[in-house]
Every structure is written in C-alpha cells, then in structure tokens.
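>>> Below: sequence and its predicted model.
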Amino acid sequence: MIKLYIIRHAEVEYPVNEQGRRLMYPSETHISQEGRGQLTKFAQDLKDKGIRLDSIETSEYIRAKESAKILVGVLGEPSVRINSAF
C-alpha cells in the first residue's frame, strides 16, 4: 500500500513593518530557528514511529528546500526532488 505524507515547510522568519506587524513573506524567506527545532523534533518523531520516506518532493522555495534538508538529516536516505510545478 502506498502512503502519501504531505508536510508543510517549517516556521519562517517573518519580515515586519515599522509597527512590528508581520508581513507576507517573499519566496526567498528562510525558516526560523524555532521552525528548525520544530521540524527536527517532528522528523525524529516520524523516525521513532518507524515511518520511512522513500522520497521527498519539494518546491524551489528556500524554506521548502531547507525543510527537506532537515528531514533528510534526521531520517537518513530519502532522495529529494525539486519540483517547479509546486
């Protein structure tokens, strides 16, 4: 049986305006330190439950590629494919 897991990118570093309000983030936005920690914990939880990923498909956005890199770092060997259609 095939299982498909859809995992969204980690928390990002939001730009803020002069009043300190969060703005919509651009495509080149990086994930935040908090997001890195959250995603690392999430990936470790997957690993602890015996969940393996055969591959990871991600968009071209920096935040998505950074998130995929964290998943690979924790889970081991899944291949990563950049998909420009995302």
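Good, I have the coordinates. Predicted, not measured: the structure shown is a model, and the values here were computed from it.

>>> Show me what the longest helix along the chain is packed against.
If you go by DSSP state H, the chain has its longest helix at helix 33-48. For helix 33-48, the contact count by 3 or more CB pairs under 8 Å, 6 or more residues apart in numbering; DSSP states H and E identifies helix 62-75 as packing neighbours. To be clear about C-beta, it is placed using only N, CA and C from the backbone, and glycine gets the same treatment.

>>> Give me the angle between the helix it packs on and helix 33-48.
Calculated by axes from the mean of the first three to the mean of the last three CA atoms, to 10 degrees, helix 62-75 forms an angle of 40 degrees with helix 33-48.

>>> any idea which helix or strand comes after helix 62-75?
The C-terminal neighbour of helix 62-75 among helices and strands, as given by DSSP states H and E, is strand 79-82.

>>> Contacts for that following strand next, please.
54, 55, 56, 57, 58, 59, 60, 65, 68, 69, 72 (CB atoms under 8 Å, 6 or more residues apart in numbering).

>>> For those residues, could you give me CSV that also reports neighbour count?
Formatted as CSV, these follow (neighbours: other CB atoms under 10 Å):
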residue, neighbour count
54, 9
55, 9
56, 20
57, 14
58, 20
59, 17
60, 12
65, 17
68, 22
69, 16
72, 16
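
>>> excluding its backbone neighbours, what's nearest the residue most central in space within the chain?
Geometric centre of the chain, nearest residue: residue 67, 2.5 Å, by CA atoms, centre = their mean. Spatial nearest neighbour of residue 67, excluding adjacent residues (CB to CB, 6 or more residues apart in numbering): residue 9 at 4.3 Å.

>>> returning to that earlier point: wait, what's in contact with the residue nearest to the centre of the chain?
Neighbouring residues of residue 67 by CB under 8 Å, 6+ apart: 7, 9, 10, 31, 35, 39, 58.
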